[in-house]
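Visitor: What would the 3D arrangement of this be:
(one chain, ligands or ions: 2)
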Amino acid sequence: MDSKTLVLVLGDQLSLNNPALRNAKPQVDTLLLAEVAEEAQYVRHNRHKLVLLFSAMRHFAELLRAQGFTVIYRQFDEGVASLTQACTEALAALPEVTQLRVCASGEYRVEQIIGSWPQQLGVSVDRLEDDRYLCAIAQFKAWAKDRKQLRMEYFYRDMRKQYGLLLDDGEPCGGKWNYDAENRMGWRNQEPIPRRPDVSPDDITREVIEQVRAAFPHNPGDLDQFRLAVTHTEAQAQFDWFCEFGLAQFGRYQDALAEESPWLFHSLVSMYLNCGLLEPLAVCQQVEQAYRLGHCSLAAAEGFIRQVLGWREYVRGVYWLLMPEYAQRNTFGAKRPLPDFFWDGDTDLRCLQQALSQSLDLGYAHHIQRLMVIGNFALLAGLDVEAVCAWYLAVYVDAYEWVELPNTLGMALHGDHGAMASKPYAASGKYIQKQGNHCAQCRYNPSKTTGADACPYNSLYWHFIDRHQEYLGRNARMGLILANWRKRDATERAAIVRWAETVLDKLD
Ligand SMILES: Cc1cc2nc3c(=O)[nH]c(=O)nc-3n(C[C@H](O)[C@H](O)[C@H](O)COP(=O)(O)OP(=O)(O)OC[C@H]3O[C@@H](n4cnc5c(N)ncnc54)[C@H](O)[C@@H]3O)c2cc1C
Ligand code: SF4
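Guide: Ligands and ions are numbered 1, 2, ... in the order given. Next up is the predicted model:
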């Protein structure tokens, strides 16, 4: 007789490719999915994320039942406190089960919990590596070993070779690995932005929306605007739409900041990739196919594939290489409390107001908004690293610590002593002006550094350079900027620093 197994499916593993499900036997094994308080409350999650995950879990449970599986499903309103409690109760109801199988979690915190189960639950725990990621943790560690610097670009080239993506006879298509230089256009309303098709919430999603609205009244997220896909088919349809209508312009405007749209030509697939509704290799292959068929430029296809095959796998590798110590890092000792406007979007800096408001309302901001608008502000103002990371983990629909932490602490705040980025992503208002059209709607002037109408990013930028001269001075890539600062007249420098301090005082 087959031994019976309880298979736990975590909320971000909703894929038939989940290794814990791959060999599960419909008439023998029992599956468990649980919406538990601990996971729903460890940060103030955006309500869009809670609805996405609960609804996608409920739809996935239906799919598994249709395949003949017995599924134990615990809804949030049943009051299950934790994954441990959900497993304990399921095992108590299934005395014939002798083993729990689960795919390893993406997050360090959850892995610690799973690690305690063999003792706590009294059954053997079969924890499988999550091979839906394209670079195994051991492979990344081997790549990183003995390297002075963990530069993404070299990792990415190896990944392209490993998966044979965008290669002609083993060489990169077009002769170059990276077409980023063609992907930096600013936004001046040059193109019509295609209207995205909404996904209409079905009965299950509508019920979840009402439950989440009632249970999480104070979390961010405007649920009247919930339009996310919650099944594999819907997520694939969203991605197909992107390949047909967004991809051709994706590369060119990847770094653009637009008044008119929260997402411009971005794909909006991170939330689906991160919970299992889409698979990373499949989306890369589909984009390569679009390029081969002449539907987009090489720069657009390469730009997209670099994000998914390169950046996404790389940040996960950095996370597992350096956790748990990584989360404690804080290069600049940044400790300023998060201003209230991070939670209500009420600021008169136009670029920041737009990025914060859409993040809070929709749980979405594209990369440059996260990095160069919100993250840059946090870096320049010296906001508390832990609080900023907790904020990013809370507000975004796609946020899980394995991807959020290296991006926020490492890339945006340069809090990891440069493990990820060779220099801080610090910029003045001029960069934001160049990349988009927010400044034209702003009460501040991006060309001014001091005075009531001066763009706050400008004085804060120089304040950052001034207060971290010693650290930045050790970085050759910062030499020119430091030299520019130092050659300015001492009175002018003092005036800029003083003005920045008035800006910072207002934050407090
Ligand atoms: C401070 C900060 C915090 C971030 N937090 C998260 C997070 O919690 N979750 C998350 O998935 N991404 C995060 N990112 C990366 C990136 O901003 C989002 O993946 C992207 O904005 C999602 O929108 P999109 O699907 O439209 O992406 P697109 O711009 O269309 O890019 C395509 C895909 O590439 C992947 N990708 C692109 N850049 C990155 C990156 N730097 N790291 C990992 N994957 C990447 C994503 O899967 C994304 O869906 C963060 C970036 C920064 C700077
Ligand atoms: S002027 Fe400064 S604060 Fe205003 S939108 Fe431009 S960069 Fe942002």
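
Visitor: tell me which parts of the chain are close to ligand 1?
Guide: Contact residues (C-beta under 6 Å from any ligand atom) of the chain with ligand 1: 266-270, 273-274, 304, 307-308, 311-312, 315, 366-367, 370-371, 375, 392, 396, 398-399, 403-404, 407-408, 411-412. The C-beta positions use only the backbone N, C-alpha and C, and glycine is treated the same way.

Visitor: can you rerun that using 5 Å?
Guide: Within the chain, the positions near ligand 1 by C-beta under 5 Å from any ligand atom are 266-270, 273, 307-308, 311-312, 315, 366-367, 370-371, 375, 396, 398-399, 403-404, 407-408, 412.

Visitor: Can you report how many residues lie near Lys161?
Guide: 13 (other C-beta atoms under 10 Å).

Visitor: again with Gly333
Guide: Burial of Gly333 is recorded as 10 neighbouring residues (other C-beta under 10 Å).

Visitor: now Thr98
Guide: Residue crowding around Thr98 was assessed by other C-beta under 10 Å; the count is 14.

Visitor: Report the mean confidence score over the helix or strand where it lies.
Guide: Thr98 belongs to strand 97-103 when elements are defined using DSSP states H and E. The average pLDDT within strand 97-103 is 96.

Visitor: cool, and stretch 250-269?
Guide: The average pLDDT within stretch 250-269 is 95.

Visitor: Quick check: buried residues in that stretch?
Guide: Residues of stretch 250-269 classed as buried by neighbour count (16 or more other C-beta atoms under 10 Å): 250-258, 261-269.

Visitor: One more: stretch 323-338?
Guide: By 16+ other C-beta under 10 Å, the buried positions in stretch 323-338 come out as Met323, Tyr326, Ala327, Arg329, Asn330, Thr331, Phe332, Ala334, Leu338.

Visitor: coming back round to it: so of the residues of the chain next to ligand 1, which ones are in helices?
Guide: Among the residues of the chain next to ligand 1, the ones falling in helices (DSSP state H) are Ser270, Leu273, Val315, His367, Val403, Glu404.

Visitor: what's the neighbour count on Leu16?
Guide: 13.

Visitor: how close does it get to Trp402?
Guide: Plainly put, Leu16 is 22 Å away from Trp402 if you go by C-beta to C-beta, to the nearest Å.

Visitor: ok, of the ones in helices among the residues of the chain next to ligand 1, which one's closest to ligand 2?
Guide: Ligand 2 has its nearest neighbour among these in His367, at 17.1 Å by C-beta to the nearest ligand atom.

Visitor: In contact with the closest one, which residues?
Guide: Neighbouring residues of His367 by C-beta atoms under 8 Å, 6 or more residues apart in numbering: Gln254, Asp255, His266, Gln307.

Visitor: cool, Glu107 as well?
Guide: Counting by C-beta under 8 Å, 6+ apart, Glu107 makes contact with Tyr400, Glu401, Trp402.

Visitor: Turn those residues into CSV, including neighbour count and pLDDT.
Guide: Shown next, in CSV, are these (neighbours: other C-beta atoms under 10 Å; pLDDT from 0 to 100):
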residue, neighbour count, pLDDT
Tyr400, 21, 98
Glu401, 22, 98
Trp402, 21, 98
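
Visitor: which SS class is the nearest residue in space to Ala229 that is not next to it in sequence?
Guide: Leaving aside its sequence neighbours, Ala229 sits nearest to Ala235 (C-beta to C-beta, 6 or more residues apart in numbering; 4.2 Å). The three-state label given to Ala235 by DSSP: H, G, I helix; E, B strand; the rest coil is helix.

Visitor: can you tell me which two in the contacts of His367 are farthest apart?
Guide: Farthest apart among the contacts of His367 by C-beta to C-beta are Asp255 and Gln307. That separation is 12.0 Å.

Visitor: picking up where we left off before, just name the closest of the ones in helices among the residues of the chain next to ligand 1 to Asp453, please.
Guide: Distance to Asp453, by C-beta to C-beta, is smallest for His367 among those, at 29.2 Å.

Visitor: Nothing else from me, thank you.
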